[in-house]
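A.B. asks: Next comes the sequence, and after it the predicted model I'd like to discuss.
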Amino acid sequence: MLIRTLTASFFLFTAAVLPAGADDRLVRLAVPDAVNESGLMKYMLPRFTLKTQVRVEVVSPGEPADAAIGDTGMPVFTGVGRTWSIEVLASEHEGVARFAAWITDATGQRAIEGFTVDGNQPFTLPIEDTKGVKEVVYDGDRLRGKQVSRTHCGRCHVTAKDDESLGIGSTPSFSALRGFEDWDVRFAGFYQLKPHGAFTQIKEVTEPFPEDRPSPIAPMELTLDDIGAILAYVAGIEPATLGASIKHQ
């Protein structure tokens, strides 16, 4: 299992998930020849498609792609002489988010370990090197963060495992988002990317909605302290990559 110890570097939230559309049912995955020729993708990808109805098309590195197997991103397996990572390239693609979560959760990991050639297992799960990595501590009010998350984010997301009546089927749960390596970046700047910017106001940070373009739904009004509390709460959530696959309502 992958256990991530994350560094705190707050950039733009890069993976808001939009309602599923035609393009979200096809993921173009760039795969190096060494991995593709091993047969791992032919073994794994049909299992993902069967589970999610999202088809993955393998393309060569350098071709237009929604995600890539390579040097950067979250390590997902080790084989043919090195450790390979998954990198999300299409940040607003729901199919990509689902594939990235699947390949790092228990189901995807079992598929990696289940691939054999002549009785041998050519790929294994990566062993994380934690040497020199410092754990980040979020000092916000976790209880407040849980309540703020439920009140505001619960419109679309399942924010707690014991409160799965919340959320809608086209959005990932907090535990699924917590499984991403850069989860803290995503939560810290969620209001800057679609669709959140259309209805979210952060006090002393975001501009008021234009009079001719009001919020399409009841606006979500938060403060930076609220975001800090949400970060502290989410930091304590068990990531989906530790065993729980994505659940849809």
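C.D. replies: Looks like it arrived, so ask away.
A.B. asks: Kindly provide the distance from the closest residue to residue 222 other than its chain neighbours to residue 71.
C.D. replies: Residue nearest to residue 222 in three dimensions, not counting chain neighbours: residue 202, with 5.6 Å by Cβ to Cβ, 6 or more residues apart in numbering. Where you see a C-beta, it was placed from the backbone N, CA and C, and this is true even at glycine. Per Cβ to Cβ, to the nearest Å, residue 202 is found 35 Å from residue 71.
A.B. asks: With neighbour numbers in mind, choose between those two.
C.D. replies: Neighbour count, other Cβ atoms under 10 Å: between residue 202 and residue 71, residue 202 has more, with 17 against 11.
A.B. asks: how about that one, phi and psi?
C.D. replies: The phi/psi pair for residue 202 (degrees, to the nearest 10) reads phi -110, psi 120.
A.B. asks: which helices and strands does the one helix or strand in the chain whose mean pLDDT sits lowest pack with?
C.D. replies: Least confident helix or strand, the chain: helix 183-188 with a mean of 83, by mean pLDDT, DSSP states H and E. Here helix 183-188 touches helix 174-178, helix 224-235, going by 3 or more Cβ pairs under 8 Å, 6 or more residues apart in numbering; DSSP states H and E.
A.B. asks: And the helices in the protein?
C.D. replies: 33-36, 40-52, 94-104, 106-114, 142-152, 174-178, 183-188, 224-235 (DSSP state H).
A.B. asks: next one: the third one to chain centre, how far?
C.D. replies: In this view, helix 94-104 has its centroid 7 Å away from the chain centroid, taken as Cα atoms, centre = their mean, to the nearest Å.
A.B. asks: Let me know the angle separating it from helix 40-52.
C.D. replies: Counting by axes from the mean of the first three to the mean of the last three Cα atoms, to 10 degrees, helix 94-104 lies at 110 degrees to helix 40-52.
A.B. asks: Report the mean confidence score over helix 94-104.
C.D. replies: What helix 94-104 shows for mean pLDDT is 89.
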